[in-house]
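[1] Based on what follows, work out the 3D shape:
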Amino acid sequence: VALADALKLNTALAELSLSDNGIGADGIVALADALKVNTTLHVLVLSQNDVSEESAQLLVKVLRSNVTITDLNLSLNLSISLDTRYQIRSLLDDPARAAAR
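    Take a look at the predicted model:
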């Protein structure tokens, strides 16, 4: 949660890897809240964190408003459906998002 608070104020960090950190649902909620206002982070790696489908859907909602994230790695989070992975990839690849940056 402290890291999420720091991300709200971040003006320099462009890449963040939190792989295999056991972030959990509360951590994803805090991270999603920070990403709503963060405008500098481009790459976020959350692989191997047992991210749930519900948490992944929360990240989908964030990606709809945060256009600075260009890469979100959720590999090895086996609970995330293929549909949700497709939604994330589609959002990240959307040319309208690139134009909004």
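
[2] helices and strands of this protein: which one bottoms out on pLDDT?
    For the chain, counting by mean pLDDT, DSSP states H and E, helix 95-100 ranks last in confidence among helices and strands (a mean of 84).

[3] Helices of the protein, start to end?
    Counting by DSSP state H, the chain has helices at residues 2-9, 24-35, 53-65, 82-93, 95-100.

[4] can you tell me which of these comes nearest to D71?
    When the helices of the chain are compared for distance to D71 using CB to CB, the nearest one is helix 82-93, at 6.8 Å. Just so you know, the C-beta spots here come from the backbone N, C-alpha and C atoms, and that holds for glycine as well.

[5] show me what contacts the nearest residue to L7 once chain neighbours are set aside?
    Spatial nearest neighbour of L7, chain neighbours left out: A34 (3.9 Å); criterion: CB to CB, 6 or more residues apart in numbering. With CB atoms under 8 Å, 6 or more residues apart in numbering as the criterion, the residues that contact A34 are 4-5, 7-8.

[6] For S81, list the residues it contacts.
    Neighbours of S81 in contact, by CB under 8 Å, 6+ apart: 53, 56.

[7] What's the local residue count around the residue lying closest to T11 once chain neighbours are set aside?
    Of all residues not flanking T11 in the chain, T40 sits nearest, at 5.9 Å (CB to CB, 6+ apart). One way to gauge burial is a neighbour count; for T40, by other CB atoms under 10 Å, it gives 11.
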